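In: how would this look folded up:
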Amino acid sequence: MKEYLFSEKELKLIEFLKSNSPKRIWLEPIFYIFEYDNFYIEMIIECAEKINLGYLPEKKFTTQPITYFEQYITVAKLKKVNHNFKSQKGSELLIENEKITDVNIVRTLLFYCQHVQSKKHSHIFNTESSQINPNLEINKELKIERTCLADVGLW
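Out: Numbering: from 1, shown residues only. Modelled structure (predicted):
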């Protein structure tokens with residue numbers, strides 16, 4: 001199992017968030033911004049890895065491009081930016097001057113299965129790939145090709 005977990009540097013930023021509430025929390029299109037007086041902490045969702053497990057043909061070979069069968073591992077990344085945050089037109093203010101009482105890491109177990117061609121429609125493919133709580137068991141009947149444990153956000 002591959003792991004994409006927060007680094008020690010990111011864990012220190014999370015500890016900082018727990019003990020130092022930001023002035024404001026913003027939502028940008030793909031970021032969360034924790035704004036302080038002279039800096040901000042940015043949490044971005046990014047692609048950690050592209051997976052191509054292919055497919056299992058039922059009837060005939062498909063003419064679909066191979067990218068049709070790609071799946072992605074996306075994770076949260078944290079970094080400190082030593083500038084004042086400047087909101088943009090699309091920025092949404094979520095919280096202002098509220099005390100953070102606790103911060104929890106959101107972790108998920110991702111599992112990937114090959115795409116299977118539909119028996120009725122040769123141009124349709126399905127996959128059992130999904131994500132679950134890491135404390136739960138994966139259905140043992142699934143043909144799992146790969147698993148990954150990932151930190152995907154904060155709560």
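In: Below-threshold pLDDT in this protein: ranges please.
Out: 56-68 (pLDDT under 70).
In: What segments of it are strands?
Out: All strands of the chain, identified by DSSP state E, fall at 2-4, 24-27, 31-35, 40-52, 55-56, 70-81, 92-96, 105-112, 115-117, 125-126, 130-132, 146-154.
In: Ok, which of these comes nearest residue 138?
Out: strand 105-112 (5.6 Å; Cβ to Cβ). (C-beta placed from N, C-alpha, C; glycine too.)
In: and the closest one, which strands flank it?
Out: Looking at strand 105-112 with DSSP bridges, its partner strands are strand 130-132 (antiparallel), strand 146-154 (antiparallel).
In: Any idea which of the ones you listed gets closest to residue 84?
Out: So among those, strand 146-154 is nearest, using Cβ to Cβ, at 22.1 Å.
In: Quick one: end-to-end distance for stretch 120-136.
Out: 33 Å (Cα to Cα, to the nearest Å).
In: quick one: buried residues of that stretch?
Out: 125, 127, 128, 129 (16 or more other Cβ atoms under 10 Å).
In: Then stretch 103-118?
Out: Those would be 107, 108, 109, 110, 111, 112, 113, 114, 115, 116, 117, for stretch 103-118 by 16+ other Cβ under 10 Å.
In: Redo the strands paired with strand 105-112 as a markdown table? Include distance to residue 102.
Out: Putting those into a markdown table (distance: least, Cβ to Cβ, whole Å) gives the following:
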| stretch | distance to residue 102 |
| --- | --- |
| strand 130-132 | 23 |
| strand 146-154 | 10 |
